[in-house]
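A.B. asks: Coordinates for the following, if possible.
(chains A, B and C)
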Amino acid sequence: MPENQLATTTPIHSLDNKFARTIWASMLAPEHMQKVEAEVMERFIPAGAYVCRKGDTVDYWMGVIEGFLKMSSISPEGKTITFSCMLAGGWFGEGSLLKTESRKYDVVALRDTRVAYMPRSTFNWLLDNSIPFNRFLLQQLNERLGFFISLVEYDRMLDIDTRVARCLAAMFHPYLNPGSSMQLQISQEEIGYISSVSRQRANQALQVLEKKKLLSVDYGGITILDLEGLRKFPGEPGK
DNA sequence: GCATTAACAGCCG
DNA sequence: CGGCTGTTAATGC
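C.D. replies: Presented below is the predicted three-dimensional model:
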């Protein structure tokens, strides 16, 4: 890890509560939350650095306190394949934690990011002791399942503008990434990776979506204007 | 036709 | 300067 970047990067000022944007934290009993706060560690990951790599052993459930991560891997041909993105309030890795298997993808910070690490022991303790926590996890798994089913669907039948629209809508999913602001710094190349299209085609799709007033394209980023509209794009035919 | 890669000029931080 | 954007040209399925 390039530690010299830690000193030069402006620190993200701490929120008084690192779980402010986390849904499950607001569901827990206060005494359970005390234990969590005592046992969860936080780490700063500078933009471009790996949080973890495919094949790593999985000892933590991880969450984004602030910043922006992508889950991806490199194909045998050397192409980058992005599966999903995590923004503030998003937690991930429960699949491998529950199955006790190695990490199935790389996780890379696309911007400076504060990551929370919950030890496996705490995670298991919550499973044993907190019904709200189980309920949250069940719903998260269900939301993810729906997301990946829609991925298969659009991979096979949707046009590219719609694909980009859905990928962006998924990134701002209110349950999986509840704390994200509607303004996000992300290059069009990364949007291409997420949607599995070329940068040039991603640019074209963004312009279409901007014309429909679903988002605005900023330099090096986008602002979501109509999340519901993105999810439903292209909407009624003939519009 | 439509998407992809390659290449390039222009812009921003 | 380095990274990102917006375009165009060449190539491929």
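
A.B. asks: From now on I want contacts and neighbour counts done on CA atoms only, so please keep to that.
C.D. replies: OK.

A.B. asks: Now the residue most central in space within chain A, what are its backbone angles?
C.D. replies: Nearest to the centroid of the C-alpha atoms of chain A, with distances taken as C-alpha atoms, centre = their mean, sits A:Met86, at 1.2 Å. Main-chain dihedrals, A:Met86, degrees, to the nearest 10: phi -120, psi 130.

A.B. asks: What does the pLDDT read for it?
C.D. replies: A:Met86 is assigned 94 on the pLDDT scale.

A.B. asks: go on, A:Gln5?
C.D. replies: Predicted confidence (pLDDT) for A:Gln5: 37.

A.B. asks: Please tell me I have it right and A:Arg199 contacts A:Glu189.
C.D. replies: Yes: with contacts counted by C-alpha atoms under 8 Å, A:Arg199 reaches A:Glu189, the gap being 4.8 Å.

A.B. asks: Is A:Val108 part of a helix or strand, or is it coil?
C.D. replies: strand (DSSP: H, G, I helix; E, B strand; the rest coil).

A.B. asks: hey, what's it bridged with?
C.D. replies: As for beta bridges, A:Val108 partners with A:Tyr50, A:Lys70 under DSSP bridges.

A.B. asks: show me the contacts for it.
C.D. replies: Neighbouring residues of A:Val108 by C-alpha atoms under 8 Å, 6 or more residues apart in numbering: A:48-52, A:69-72.

A.B. asks: mind pulling up the phi and psi values for the closest residue in space to A:Ile224 that isn't next to it in sequence?
C.D. replies: Sequence neighbours aside, A:Leu215 is the residue nearest to A:Ile224 in space, at 4.4 Å (criterion: C-alpha to C-alpha, 6 or more residues apart in numbering). Here is the backbone geometry of A:Leu215 (degrees, to the nearest 10): phi -160, psi 170.
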